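Student: what's the 3D shape of this:
(chains A and B)
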Amino acid sequence: MALLTKKDASLITDPLADNNPITIQVLGICSALAITAELKASIVMAIAVMFVLGLGNVVISLMRNVIPGKIRIIVQLIVVAALVIVVDQVLKAFAYELSKTLSVFVGLIITNCIIMGRFEAFALANGPWRSFLDGIGNSMGYGLILVIVGFFRELLGSGTLLGYKVLGDPITKTGLYATGYENNGFMIIPPAALIVIGIIIWVQRSKNVALIEDN
Amino acid sequence: MLEHVELFFRSIFIDNMIFATFLGMCSYLAVSKKVTTAVGLGAAVIFVLAVTVPLNWLLDQYLLRDGALTWLGPEYADYNLSFLSFILFIATIATMVQLVEIVVEKFSPALYNSLGIFLPLIAVNCAILGGSLFMQSRDIQSLGLAFNYGLSSGIGWFLAILAIAAIREKIRYSNVPPPLRGLGITFIITGLMGIGFQSFGGMLTGGDDAAPAEGTTAGVPTNNEDATAETKVFLTRDDDPISKENAAKLGTTASEPANLSENAKQETEITKDLFNKEKEVSYHEAINK
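Tutor: Take a look at the predicted model:
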């Protein structure tokens, strides 16, 4: 028996493109945008969400038959909050600088709409293994957008990638800067992230006409 | 009193929940198709923020922060429970929202009918938890200031969703490229509005410490470099002969605070001006629709 049946594999591949949580389902934008000025922060955020969503989906799926319907939101919030505290403490212990950069946005994973959205839409109705795959798939779709936005914002805004000066040194004027190229400071300010995502949506929907909304 | 006014304008315009920190984006995008529903959700957000931020402030002050348990006795002075703040804050918010829902349903059915459907949505709105977490990380000093912070952040969020809803009602009649329709164009409009709101950054401080405040949200080192450069420019520009004369008369230590307070006065006047203009604009939008 193969580890992944075709149906299971689609749980992971669908959210990467045609059912992407950010560009199609419009979930999880809240904490996604503010931390994408650097590629490194984007990657760490994506891994953190993958951990929380993958495990959280499994926990909720295991408890799905014993959670009373009326208080399920509070139960879900407590499960997520416990997982996020683990992430936060690990970050503070092993990557203190990075946890300062991410500041309150680690805590805001709790109210990240992707997590509540997947709990409600998938984990409450499916078994643990499928819920786990769904969690991984959706957080990969989320991470993909984060990494794309982080890549362009760091490259165009600071001329670096993961902190390495890939375009040369702007102060001593080496590499591309010798030709008169300048960094685009606009890409560093928070609203630029919105515009970059707007452009990603534009590209994606021109490729796949079925996704176009009528206003 | 002055700090209340400053915090009020700062959290509405400079640190606007939507345009500066992107909190509550999900419901902002999902519920902004019509002005009437946007107003309902906005009002509910103001209400819940104004209740939960002071409550969480009390929790933080007397239970969570380093040494907060001293009131129990000197042997508890070393306890630091701040790692529990996420779970306690979110539990407070979820129970408060449920409680508010029950109370409003009982005493004011009319209000419940207009707010009712939005209240459950709000427990998972990032703006609410974000309000409490920013309250904690910015170290707000008193209960009154915490209430002020919750209320004014809520008003800022309300203004933002009202504006985007009005724009989205209008944009239905424009010829937007098909792939951008709906979500795409909303993102881009929000980005442009955010750039507009960035210009409020220099409003209260003359631009000298507005940039570090952004640095805390974006956390980009270059931002801080820019800020120091700006500060230098600001100082040299301010260094005109008159203030030098004053400095000579009063001695450097005395003249600097005087200068600063003068600046602050001018700035508050500008603030009022801008605020009025902003009001006019949003009224204009409201009438136009």
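Student: element containing B:Pro54?
Tutor: With secondary structure defined by DSSP states H and E, B:Pro54 is part of helix B:35-59.
Student: Return the set of buried residues in that helix.
Tutor: B:35, B:37-57, B:59 (16 or more other C-beta atoms under 10 Å in any protein chain shown). Quick note: C-beta positions are derived from backbone N, CA and C, even for glycine.
Student: buried stuff in stretch A:193-207?
Tutor: A:193-202, A:204-205.
Student: pLDDT weak spots in chain A?
Tutor: By pLDDT under 70, the weakly predicted segments of chain A are A:1-4, A:31-32, A:213-215.
Student: one more time with 90, if that's ok
Tutor: A:1-49, A:60, A:63-82, A:84-131, A:133-215 (pLDDT under 90).
Student: Of the buried residues of stretch A:193-207, which ones also sit close to chain B?
Tutor: With C-beta under 8 Å from any C-beta of the partner chain as the criterion, the buried residues of stretch A:193-207 include A:193-195, A:197-198, A:201-202, A:204-205 near chain B.
Student: Closest to A:Gly150 out of these?
Tutor: A:Ala193 (9.0 Å; C-beta to C-beta).
Student: Let me know the helix or strand that the closest one is in.
Tutor: helix A:191-207.
Student: Give me the contact list for that helix.
Tutor: A:17, A:20, A:22-23, A:29, A:32-34, A:36-37, A:145, A:148-149, A:152-153, A:157, A:186-187, A:211-212, B:19, B:22, B:177-180, B:183-185, B:187-188, B:190-195, B:198 (C-beta atoms under 8 Å, 6 or more residues apart in numbering or on different chains).
Student: same check, this time on stretch A:64-83
Tutor: Here stretch A:64-83 has contacts from A:51-52, A:55-56, A:59-60, A:63, A:109-110, A:115-116, A:119-120, A:123-125, B:86-87, B:90-91, B:94-95, B:98, B:120, B:123-124, using C-beta under 8 Å, 6+ apart.
Student: List the buried residues for that stretch?
Tutor: Quick answer for stretch A:64-83 (16+ other C-beta under 10 Å): A:64, A:67, A:72-83.
Student: Now distance to A:Lys173 too, for those, in JSON lines please.
Tutor: Below are the buried residues of stretch A:64-83 laid out as JSON lines (distance: C-beta to C-beta, whole Å):
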{"residue": "A:Arg64", "distance to A:Lys173": "61"}
{"residue": "A:Ile67", "distance to A:Lys173": "61"}
{"residue": "A:Arg72", "distance to A:Lys173": "59"}
{"residue": "A:Ile73", "distance to A:Lys173": "56"}
{"residue": "A:Ile74", "distance to A:Lys173": "58"}
{"residue": "A:Val75", "distance to A:Lys173": "58"}
{"residue": "A:Gln76", "distance to A:Lys173": "54"}
{"residue": "A:Leu77", "distance to A:Lys173": "52"}
{"residue": "A:Ile78", "distance to A:Lys173": "55"}
{"residue": "A:Val79", "distance to A:Lys173": "53"}
{"residue": "A:Val80", "distance to A:Lys173": "48"}
{"residue": "A:Ala81", "distance to A:Lys173": "49"}
{"residue": "A:Ala82", "distance to A:Lys173": "51"}
{"residue": "A:Leu83", "distance to A:Lys173": "47"}
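Student: Dump the residues you listed to a markdown table, plus secondary structure.
Tutor: As requested, those are exported to a markdown table (DSSP: H, G, I helix; E, B strand; the rest coil):
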| residue | secondary structure |
| --- | --- |
| A:Arg64 | coil |
| A:Ile67 | coil |
| A:Arg72 | helix |
| A:Ile73 | helix |
| A:Ile74 | helix |
| A:Val75 | helix |
| A:Gln76 | helix |
| A:Leu77 | helix |
| A:Ile78 | helix |
| A:Val79 | helix |
| A:Val80 | helix |
| A:Ala81 | helix |
| A:Ala82 | helix |
| A:Leu83 | helix |
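Student: Spatially, which two of those are the most separated?
Tutor: Top of the distance list for the buried residues of stretch A:64-83 (C-beta to C-beta): A:Arg64 and A:Ala81, 18.7 Å.
Student: what's the helix or strand for the residue in the stretch 51-200 of chain B that chain A sits nearest to?
Tutor: Residue nearest to chain A within the stretch 51-200 of chain B: B:Gly194 (3.1 Å; C-beta to the nearest C-beta). Using DSSP H and E, B:Gly194 sits within helix B:183-198.
Student: got the angle between that helix and helix A:191-207?
Tutor: 170 degrees (axes from the mean of the first three to the mean of the last three C-alpha atoms, to 10 degrees).
Student: Need the contact partners of helix B:183-198.
Tutor: Against helix B:183-198 from outside (C-beta under 8 Å, 6+ apart): A:23, A:26, A:189-195, A:197-198, A:201-202, A:205, A:213, B:13-14, B:16, B:18-20, B:28-29, B:32, B:160, B:163-164, B:167-168, B:171, B:176, B:180.
Student: Give me the buried subset of these.
Tutor: A:23, A:26, A:189-195, A:197-198, A:201-202, A:205, B:13-14, B:16, B:18-20, B:28-29, B:32, B:160, B:163-164, B:167-168, B:171, B:180.
Student: ok, back up a step: quick one: the residue of the stretch 51-200 of chain B closest to chain A and A:Ser42, what's the gap?
Tutor: In this view, B:Gly194 and A:Ser42 are 19 Å apart by C-beta to C-beta, to the nearest Å.
Student: ok so, going back, between the buried residues of stretch A:193-207, which sits nearest B:Trp71?
Tutor: The closest of the buried residues of stretch A:193-207, once distances to B:Trp71 are taken by C-beta to C-beta, is A:Ala193, at 43.3 Å.
Student: All good on my end, thank you.
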